[in-house]
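K.L.:
Give me the fold of what follows.
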Amino acid sequence: MKDYRKAKKTIEVSVGDSVRILRELQGLSQNQLASLTSIPQSTISAIENGRVNLGIERAKVLARALNCHPAVLVFPGWELDNAVA
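P.N.:
Numbering: from 1, shown residues only. Prediction:
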């Protein structure tokens, strides 16, 4: 396994940004994600734009569709303290 190297620059990522980034990385449109999750496209758009809170249940549904852990969506940018790791 390669050594972990911290990024030279970090950026703030919102919950909505994390949903959008993961969706786009998987090549999904909002409509396709809506079909996979039964969450209306308008709600997905509102989540991505910060107008609607994600919530735990939506995070679980979206995480399944986006093949990630719900924490990735709920806590974007959270870093584990080295002392804890």
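
K.L.:
Could I get the average pLDDT for stretch 58-65?
P.N.:
What stretch 58-65 shows for mean pLDDT is 96.

K.L.:
Kindly report the same for stretch 18-31.
P.N.:
pLDDT averaged over stretch 18-31 gives 96.

K.L.:
Pull out the buried positions in that stretch.
P.N.:
18-20, 22-23, 28, 30 (16 or more other CB atoms under 10 Å). C-betas here are computed from N, CA, C, even on glycine.

K.L.:
same question, stretch 62-78
P.N.:
Residues of stretch 62-78 classed as buried: 62-63, 65-66, 70, 72-74, 76 (neighbour count, 16+ other CB under 10 Å).

K.L.:
For that stretch, C-alpha coordinates in CSV please.
P.N.:
Output in CSV follows, covering the C-alpha atoms of stretch 62-78 (Å, rounded to 0.1, in the frame of the first residue of the first chain):
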residue,chain,number,x,y,z
LEU,A,62,-28.4,8.1,-1.7
ALA,A,63,-25.4,6.3,-0.3
ARG,A,64,-26.7,2.9,-1.5
ALA,A,65,-27.3,4.4,-5.0
LEU,A,66,-23.9,6.1,-5.0
ASN,A,67,-22.0,3.1,-3.6
CYS,A,68,-20.6,5.0,-0.6
HIS,A,69,-21.0,5.1,3.2
PRO,A,70,-23.7,7.6,4.4
ALA,A,71,-21.0,9.4,6.4
VAL,A,72,-19.3,10.4,3.2
LEU,A,73,-22.4,12.4,2.3
VAL,A,74,-23.3,13.7,5.8
PHE,A,75,-19.8,14.7,6.9
PRO,A,76,-17.9,15.9,3.8
GLY,A,77,-14.4,17.1,4.6
TRP,A,78,-14.3,15.6,8.1
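
K.L.:
Alright, calling it a day.
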